[in-house]
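Peer 1: I'll drop the sequence and a predicted model, then ask my questions.
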Amino acid sequence: MEIQNENLGMSVERENKTQPVWCVVANIAEDIPFGEEHQIKKGTKHFSPGTKVYCYPPLWGDGYENIKVVARHRGSKQFVTMVVRDKWLLDCRAKLAYNPHIVHKLRDDWDGSEKSKQLAEELAHILNERNSEKGKQ
């Protein structure tokens, strides 16, 4: 979109606003068993407990057990992309992501369509059910 800047007497190109995308959003669990002895750790090596993660849709044929996510790193606080286990995620839900960095990372796999919303809702439901069953065992 081009607008005329009256003060400078020249045209200025206005940047298009980033369109939000639907995705699965979850939080990293507080207590995560680690290693052969299943020692309890707070969060993961890269994410603090409660960190909000934005999940990619299924990328591999592993039943969505290993999930590629984008979130803020526990040390640097910058956005990073990592693969996490499904059992480390709590409170999975479908949400629109508005943050330009998140949208840029996810836009090849998610969009703002009703189809993406439905897929995100289905995946969130599956993850929540799977994790509630694991918690009962």
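Peer 2: Received the coordinates, thanks.

Peer 1: Now do stretch 106-126, average pLDDT.
Peer 2: If you average the pLDDT over stretch 106-126, you get 97.

Peer 1: hmm, I was thinking of stretch 26-44
Peer 2: On average, stretch 26-44 scores 85.

Peer 1: Looking only at that stretch, what residues are buried by neighbour count?
Peer 2: Of all the residues in stretch 26-44, those buried under the rule 16 or more other CB atoms under 10 Å are 26, 27, 28, 29, 32, 43, 44. C-beta here means a position set from N, CA and C on the backbone, and glycine is covered the same way.

Peer 1: From those, pick the one nearest residue 122.
Peer 2: Nearest to residue 122 out of the buried residues of stretch 26-44 is residue 26 (CB to CB; 14.3 Å).

Peer 1: Show me the helices in this protein, by range?
Peer 2: With DSSP state H applied, the chain shows helices at 100-106, 114-136, listed in chain order.

Peer 1: residue closest to the middle of this structure?
Peer 2: For the chain, the residue sitting closest to the mean C-alpha position, by CA atoms, centre = their mean, is residue 54 at 0.5 Å.

Peer 1: Now do the same contact list for it.
Peer 2: Residues counted as contacts of residue 54 (CB atoms under 8 Å, 6 or more residues apart in numbering) are 23, 24, 25, 69, 70, 71, 97, 102, 105, 106.

Peer 1: ok, now residue 91?
Peer 2: Contacts of residue 91 were listed using CB under 8 Å, 6+ apart, and they are 26, 27, 128.

Peer 1: can you rerun that using 10 Å?
Peer 2: Residue 91 makes contacts with 25, 26, 27, 29, 50, 52, 124, 127, 128, 131, as judged by CB atoms under 10 Å, 6 or more residues apart in numbering.

Peer 1: Likewise for residue 99?
Peer 2: Listed by CB under 10 Å, 6+ apart, the contact partners of residue 99 are 18, 20, 54, 70, 79, 105, 106.

Peer 1: I'd like the distance between residue 107 and residue 29.
Peer 2: 28 Å (CB to CB, to the nearest Å).
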